[in-house]
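[1] Build me a model from this:
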Amino acid sequence: MAKEQQELSASDALILIERLLQFAVQRKLIADQLDTHAARNQLLDLFRFTESFEGEVIEERLESAVPLLEQLLDYGYAIGLIPDNSTTYRDLLDARIMGYLLPRPSEASAVFQRLTEEEGLKAATDAFYNLSIDSNYIRMDRIRKNLYWLHETEFGKLEITINLSKPEKDPKEIALLKTMPQAKYPKCLLCVENVGYAGRPDHPARQNLRVLPLTLQEEQWYFQYSPYVYYNEHSIIFKGAHEPMVISHSSFARLLDFVEQFPHYFIGSNADLPIVGGSILSHDHFQGGRHVFPMEAASADVLFADPTLPGVRFGIVNWPMSVVRVNGTSKADVHGAACRLLDEWREYSDASADVLAFTEEADGKLTPHNTITPIARLRDNGEYEIDLVLRNNRTSEEHPDGIFHPHQHLHHVKKENIGLIEVMGLAVLPGRLKDELEQIAAYLTGAAAASAAELHADTHPLHKHADWLLSLIGRFGTANTAEQAKTIVESETGAKFLDVLKDAGVYKHTTEGAAAFERFLTSIGLQRA
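    Numbering: from 1, shown residues only. The predicted model follows:
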């Protein structure tokens, strides 16, 4: 890379700036000639030029700014704009460059409103999504590296991904972060103050982030896309105020407000308790998008009714986790039904099913364990739909990480919390698995071999998978073709994720589990339909 940086001349960099401006105009990041002049001058200043390129720039059409950006980042490092050529510092400069090519945040919001009025909401979200990609805020070049496949189960097809889009920090960066003082601005990655923020080694730059203001339940909220989209149009809807996540009656009302405003999107929330909650509990937020998850496609086979709400249907969804689906054409009735289920579940205990709503601590304080992961949609037939996934975060001596959490024998594949995305049937597995699964496949073809003792040794790169790998060899042998081995490994990984979801399910798919699930619903006054 160093040789390429030396060969990139100042003249080359000036041409790259012009080509990048051409891309921005073509993709409508820049909408006016005056803005083109301003953006050019900002880029010239950034790269320490006092004059622009005077030659002819050949007309071209690029689908992505990334090829141009990579070369400008090389040049930026060569002239000292960043102290290190690491991914972290390159990303900081990348966002700064693209930030000069975008409309101001208020202008981006105004364009969205105008498109909504003139061409409809779907056209407006399409354009806003494309802006987030073209600005390189959504790094599609990295996201395309993620592995993805489907796994057929008795509950339908699960989606399996191995996340390779988040760049890992090198040891030098990790050491640097340990020496940095704790920063207080922005308060977290979800605060609106991130818009336009220059970033630092321990916080991503966001000059190329644009958000849309929303009103949910007469409160200020914002809409943006996730920089690491795990599914189509993966959105984040976050509160304007930095307030902790909580699942409440207001949460359900906000979800229903959102699907009225964005009927082509689903919206859901992580749970609000440790172990069963998401990774950011400090800032109230939801996730949405334009994707049909496996859980949404699953049917509600066991139906219930509430005599006091004749227009509302309740169903137990045929899914490895414990899901109550609520449907109805009345927004108020569906909201009321969801609130009632939440209130009842918060207080519900059934020791025979390992469900305890509270644990009394030594000081007499009660620690709550029951909560809900909710997902809302507005159906084409006008019905509101909320899936309420029952969660419990209690631990035990046998399962210190969580009774309804992936059990220890599955941690070699998935140890992290089972949040909203996994709940709905999309596995987001750690990037380490890419190399590990390839190595496992090599044993199934006979290209690699080791004794059981060698595999179990802490020094072996597959020691976490030793028992699983030996089981696979016993079942499938070591004479598979490379393609057969790949299929086996993917299928068996999918089976592991299904077991993860089963562990996270409060009521198991057994006769006893089904009876316990029905016992809860009938205890709150629901009747079999």
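[2] CA only for contacts and neighbour counts going forward, please
    OK.
[3] what are the ranges of the strands in the stretch 101-250 of the chain?
    For the stretch 101-250 of the chain, strands defined by DSSP state E, counting those that start in this stretch occupy the ranges 147-153, 156-162, 212-216, 219-225, 235-239.
[4] swap in the stretch 251-400 of the chain?
    266-268, 285-289, 300-305, 312-317, 323-328, 358-360, 366-368, 370-378, 384-392.
[5] quick one, which of the strands of the stretch 101-250 of the chain is packed in tightest?
    For the strands of the stretch 101-250 of the chain, average neighbour numbers computed from mean count of other C-alpha atoms under 10 Å are highest in strand 235-239, which has a mean of 24.
[6] Show me how far it is from its chain's centre.
    When C-alpha coordinates are averaged (C-alpha atoms, centre = their mean, to the nearest Å), strand 235-239 and its chain have centres 12 Å apart.
[7] Name every strand pairing with it and say which way it goes.
    strand 219-225 (antiparallel), strand 285-289 (antiparallel) (DSSP bridges).
[8] could I have it exported to CSV, CA atoms only?
    The C-alpha trace of strand 235-239 is given here as CSV (Å, rounded to 0.1, in the frame of the first residue of the first chain):
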residue,chain,number,x,y,z
SER,A,235,-33.6,1.1,10.5
ILE,A,236,-33.1,2.6,13.9
ILE,A,237,-35.8,4.7,15.5
PHE,A,238,-34.4,6.5,18.5
LYS,A,239,-35.7,8.9,21.1
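[9] So what touches it?
    Strand 235-239 has contacts (C-alpha atoms under 8 Å, 6 or more residues apart in numbering) with 190-191, 219-226, 229, 283-289.
[10] go on, stretch 430-439?
    For stretch 430-439, using C-alpha under 8 Å, 6+ apart, the contacting residues are 147, 162, 163, 164, 413, 414, 448, 461, 462, 486, 489.
[11] switch the cut-off to 7 Å
    Identification of contacts with stretch 430-439 by C-alpha atoms under 7 Å, 6 or more residues apart in numbering yields 162, 163, 164, 462, 489.
[12] any idea how far residue 476 is from the residue nearest to residue 442 when sequence neighbours are not counted?
    Among residues not flanking residue 442 along the chain, residue 448 sits closest, at 5.4 Å (C-alpha to C-alpha, 6 or more residues apart in numbering). Residue 448 sits 15 Å away from residue 476, going by C-alpha to C-alpha, to the nearest Å.
[13] Could I get the buried residue list for the helix or strand harbouring residue 454?
    Per DSSP states H and E: residue 454 is located in helix 452-456. By neighbour count with 16 or more other C-alpha atoms under 10 Å, helix 452-456 contains the buried residues 455, 456.
[14] what does stretch 423-436 give?
    423, 424, 425, 426, 427, 428, 429, 431, 433, 436.
[15] next one: stretch 35-52
    Those would be 35, 36, 39, 40, 41, 42, 43, 44, 47, for stretch 35-52 by 16+ other C-alpha under 10 Å.
[16] Mind checking the pLDDT average for the lengthiest helix in the chain?
    In the chain, assigned by DSSP state H, the helix with the most residues is helix 482-504. The pLDDT scores in helix 482-504 average 98.
[17] Please convert the buried residues of stretch 423-436 to TSV, extending it with secondary structure and pLDDT.
    Below are the buried residues of stretch 423-436 laid out as TSV (DSSP: H, G, I helix; E, B strand; the rest coil; pLDDT from 0 to 100):
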residue	secondary structure	pLDDT
423	helix	97
424	coil	98
425	coil	98
426	strand	98
427	strand	97
428	strand	93
429	strand	94
431	coil	92
433	helix	96
436	helix	97
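[18] got TSV for the residues you listed, with distance to residue 394 too?
    TSV is the format used below for these (distance: C-alpha to C-alpha, whole Å):
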residue	distance to residue 394
423	18
424	21
425	22
426	24
427	23
428	23
429	24
431	28
433	28
436	31
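[19] right, and out of the residues you listed, which lies closest to residue 382?
    Relative to residue 382, the closest of the buried residues of stretch 423-436 is residue 424; by C-alpha to C-alpha it sits at 22.2 Å.
[20] just checking, that closest one touches residue 297?
    No. Here residue 424 does not reach residue 297: they are 9.8 Å apart, not a contact under C-alpha atoms under 7 Å.
[21] so what pLDDT did residue 529 get?
    For residue 529, the predicted pLDDT is 88.
[22] That one: neighbour count?
    Using other C-alpha atoms under 10 Å, residue 529 is surrounded by 11 other residues.
[23] ok, the nearest residue to it once chain neighbours are set aside - contacts?
    Spatial nearest neighbour of residue 529, chain neighbours left out: residue 304 (4.7 Å); criterion: C-alpha to C-alpha, 6+ apart. Shown in contact with residue 304 (C-alpha under 7 Å, 6+ apart): 313, 314, 315, 526, 527, 528, 529.
[24] Can you tell me which of those residues has the most neighbours?
    Most surrounded of the contacts of residue 304: other C-alpha under 10 Å gives residue 314, at 27 neighbours.
[25] OK, contacts around that one?
    Contact analysis of residue 314 by C-alpha under 7 Å, 6+ apart lists 303, 304, 305, 324, 325, 326, 327.
[26] Check those for burial and list the buried ones.
    303, 304, 305, 324, 325, 326, 327.
[27] how much space between the second one and residue 319?
    With distances defined as C-alpha to C-alpha, the gap from residue 304 to residue 319 amounts to 17 Å.
[28] Residue 463 contacts residue 455, correct?
    Yes. In this structure, residue 463 is within contact of residue 455 by C-alpha under 7 Å, at 5.2 Å.
[29] ok so, going back, in a markdown table: the strands paired with strand 235-239, plus mean pLDDT and distance to residue 22.
    Output for those, formatted as a markdown table (pLDDT from 0 to 100; distance: least, C-alpha to C-alpha, whole Å):
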| stretch | mean pLDDT | distance to residue 22 |
| --- | --- | --- |
| strand 219-225 | 98 | 25 |
| strand 285-289 | 97 | 31 |
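[30] want to try CSV for those, with distance to residue 56 as columns?
    Output for these, formatted as CSV (distance: least, C-alpha to C-alpha, whole Å):
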stretch, distance to residue 56
strand 219-225, 37
strand 285-289, 42
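[31] Tell me which of the ones you listed lies nearest to residue 356.
    strand 285-289 (26.8 Å).
[32] What count of nearby residues applies to the residue nearest to residue 140 when sequence neighbours are not counted?
    By the measure of C-alpha to C-alpha, 6+ apart, the closest residue to residue 140 outside its immediate chain neighbours is residue 133, 6.9 Å from it. Counted with other C-alpha under 10 Å, the neighbours of residue 133 add up to 19.
[33] hang on, the earlier thing: report the angle between the axes of the next helix or strand after the helix holding residue 454 and helix 482-504?
    Toward the C-terminus, helix 452-456 is succeeded by helix 466-476 as the next helix or strand (DSSP H and E). Here helix 466-476 points in a direction 130 degrees away from that of helix 482-504 (axes from the mean of the first three to the mean of the last three C-alpha atoms, to 10 degrees).
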